[in-house]
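Participant: Sequence and predicted structure below; questions after.
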Amino acid sequence: MGAGVVKRGSGGTRRRRGGRARHAAMAEINVTPMVDVMLVLLVIFMVAAPMMTVGVPLELPKTAAKAVPTEQEVPLTISIQADGKISLMNSEVPEGELVARLKAIAAERESNKVFLRADGKISYAQVVQVMGALNGAGFANITLVTDTGGPQLTAPAGN
């Protein structure tokens, strides 16, 4: 028997050789494994993102301020604990070395933005001293970090 052409219902053709049908190679990309991997990565990043915040435990004062939008670069974070210890990101820094370390960091960073976290129990004077050190080291864009949901100041009713 020779090679013949057999018509299919879909209008396509396939050739027969010796009674066996030959199928063309399938040229489709199976995207299911890629979608599965992307969903797993999404879940991992959703779980890990809240854990990426600076881990110095503080009792932040509560305010009615709105949240600051996040940026691409991780901002420099200074934390002042209730006992007066100062932490630069996650590592404790003696007060005498703070300005020197800040100047070294300022020389390497493009952004002069810094987040200042202070425990609600420390004095205002200590917060201002750290803000002065930040300003002296070249960080002029200081954001004070607080917890939301605190009291909102309103104007007196009689005025």
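Facilitator: Thanks, I have it.
Participant: Check which helix or strand K103 maps to.
Facilitator: helix 95-108 (DSSP states H and E).
Participant: the helices in this structure, which residues?
Facilitator: Assigned by DSSP state H, the chain shows helices spanning 32-48, 95-108, 124-136.
Participant: Compare the mean pLDDT across those helices and name the weakest.
Facilitator: Per-stretch mean pLDDT for the helices of the chain is lowest at helix 95-108 (a mean of 84).
Participant: Strands of the protein, start to end?
Facilitator: 4-7, 13-17, 20-21, 62-63, 76-80, 86-88, 91-93, 113-118, 141-145, 147-148 (DSSP state E).
Participant: Would you reformat the helices of the chain as JSON lines and include distance to D83?
Facilitator: Where you see a C-beta, it was placed from the backbone N, CA and C, and this is true even at glycine. Converted to JSON lines, the helices of the chain look like this (distance: least, CB to CB, whole Å):
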{"stretch": "helix 32-48", "distance to D83": "30"}
{"stretch": "helix 95-108", "distance to D83": "13"}
{"stretch": "helix 124-136", "distance to D83": "11"}
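Participant: I'd like these laid out as a markdown table, including mean neighbour count and distance to M26.
Facilitator: Shown next, in a markdown table, are the helices of the chain (neighbours: other CB atoms under 10 Å; distance: least, CB to CB, whole Å):
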| stretch | mean neighbour count | distance to M26 |
| --- | --- | --- |
| helix 32-48 | 10 | 15 |
| helix 95-108 | 13 | 53 |
| helix 124-136 | 14 | 62 |
